[in-house]
Structures are given as C-alpha cells and as structure tokens.
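Participant: The sequence and its predicted three-dimensional model are supplied below.
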Amino acid sequence: MSYAVKEIFYTLQGEGVQTGRAAVFCRFVGCNLWSGHEKDRVNAICKFCDTDFLGTEGPDGGKFGTEAQLANRIEQTWQSASSSGKKFVVFTGGEPLLQLDCPLIEALHSREFEIAVETNGTVTAPSGLDWICVSPKAGTKLIQNTGDELKLVFPQAGAPPEEFQGLAFRHFFLQPMDGPHRKANTEQALRYCLGNPVWRLSLQTHKFVGIR
C-alpha cells in the first residue's frame with residue numbers, strides 16, 4: 001500500500017493523557033467527514049475541524065510507496081531531534097485509519113516505536129496499536145468503541161458526553177471546541193467535569209505555547 005502524508009514533524013503532544021510527551025506526528029491526507037475544502041464545510045459531517053490535511057506537496061509531507069519508506073522517514077525525524085527516550089509516533093489526520101495498516105505498524109514496531117492513533121472512531125483500528133484515542137463526532141456511527149482514551153470535543157449538538165461514558169475506555173476527556181466561543185466552551189467543559197468527575201479536562205496546550 002502507498003501512503004499520502006501531509007506532514008511529519010517532531011513536537012510535544014499537546015492534548016489528553018500524553019500531554020507534554022515528545023513524539024513524531026505523522027498527519028495523513030484525507031478524511032471521511034469533510035473534504036478539507038472550505039467550500040464544502042457547510043455540508044460536511046464535521047463542520048468545526050481546524051486542521052489542514054490537504055495535499056502532499058509541503059516540505060514535511062510526501063507520497064511513500066511502501067511501509068518501509070514511511071517508517072524510515074518517521075525514524076529519521078525522531079533521530080534528527082532526539083538521542084534518547086522511548087520512540088513515540090502519533091498518527092493523525094484527517095482520518096488516519098483510512099491509511100494506517102498492519103504492515104506499517106509492524107515496520108514501526110521493528111524500529112522500536114510506540115504507536116498511537118487519533119481517530120474519529122468511524123473506522124475499525126488495525127491490530128497492534130499501542131494507544132488508541134477516539135474523538136467522536138456528532139452525526140456519525142461510532143465503530144471503534146474501545147480504546148485507551150476517548151476525547152470529546154465539547155460542546156457538540158447531538159454528541160452529549162453521557163452517550164459515551166459507558167464505553168470501554170480507560171480515560172475520558174472533554175476538550176473545549178476552539179474558535180470564537182472557546183472561552184465560553186472552556187467554562188462549560190470545566191463545569192461539566194466538576195459535576196461529572198469521570199470526565200477530565202483536556203486543553204490544546206500546543207496552541208498556548210506556540211508549537212505544532
């Protein structure tokens with residue numbers, strides 16, 4: 001299988017359980033909930049996405065013909081920035097499970113990477129992943145309903161937290177929806193977590209400190 005990648009970069013994880021952890025991020029091109037084109041947003045299933053996942057032409061992206069080629073690039077990105085610590089890669093998108101497959105997972109495990117994915121949960125995750133973070137979106141059917149971390153962008157009409165808190169996840173996070181109402185959304189998420197302590201508050205710390 002070939003892989004279309006928007007960007008690969010070294011940073012600190014900004015959200016959820018792994019906040020502050022050094023990681024290589026690999027952002028795949030494409031999503032099944034929005035085309036990525038602004039003209040299509042009004043009719044998209046997910047209307048609030050703030051991520052650019054279009055195209056492979058950027059300096060950090062590209063098309064990779066084999067799993068070994070992509071795994072090598074990810075390893076090179078780690079090695080160019082870090083000489084110690086457990087190697088960690090986070091696959092994101094768009095929707096990474098449209099491309100992430102078992103051969104790539106095996107190639108990265110052979111290079112001693114711990115592998116995480118951030119998915120909208122509408123595609124079944126392949127076996128072998130070390131960390132699964134699911135971020136449900138209103139108006140979709142949740143197929144991947146187990147994992148390590150459920151991170152719900154909040155508030156979403158049609159996706160109340162109580163709909164998900166009985167699922168088989170180890171951690172439950174509310175993440176305030178970004179945008180013009182971020183302050184009010186943060187206050188609302190904070191109040192919900194105080195009243196429902198199964199949920200924890202997740203903030204996008206990478207945006208506060210100015211990293212990717």
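Facilitator: Thanks, I have the structure now. Numbers count the residues shown, from 1 in each chain.
Participant: quick one, helices of the chain?
Facilitator: Per DSSP state H, the chain has helices spanning 67-81, 102-109, 182-195, 205-209. These are given in chain order.
Participant: got these as TSV, with distance to Ala138, mean pLDDT and mean neighbour count columns?
Facilitator: Where you see a C-beta, it was placed from the backbone N, CA and C, and this is true even at glycine. Listed next are the helices of the chain as TSV, based on distance: least, CB to CB, whole Å; pLDDT from 0 to 100; neighbours: other CB atoms under 10 Å:
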stretch	distance to Ala138	mean pLDDT	mean neighbour count
helix 67-81	32	97	17
helix 102-109	29	98	18
helix 182-195	15	97	14
helix 205-209	23	89	12
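Participant: Tabulate the ones you listed (TSV), appending distance to Lys47.
Facilitator: Listed next are those as TSV, based on distance: least, CB to CB, whole Å:
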stretch	distance to Lys47
helix 67-81	31
helix 102-109	30
helix 182-195	15
helix 205-209	20
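Participant: how many neighbours does Ala44 have?
Facilitator: Using other CB atoms under 10 Å, the number of residues around Ala44 comes to 17.
Participant: just Tyr3 next, same as before
Facilitator: For Tyr3, using other CB under 10 Å, the count is 22.
Participant: Asp178 now?
Facilitator: Asp178 has 15 neighbours, counted by other CB under 10 Å.
Participant: Gly139 too?
Facilitator: Counted with other CB under 10 Å, Gly139 comes out at 14.
Participant: With Tyr10 instead?
Facilitator: 16.
Participant: what does Lys151 give?
Facilitator: Neighbours of Lys151 (other CB under 10 Å): 22.
Participant: what about Asp60, how many residues close to it?
Facilitator: 16.
Participant: Nearest spatial neighbour of it, chain-adjacent residues omitted?
Facilitator: Once flanking residues are discounted, Asp60 sits nearest to Glu7: 4.0 Å by CB to CB, 6 or more residues apart in numbering.
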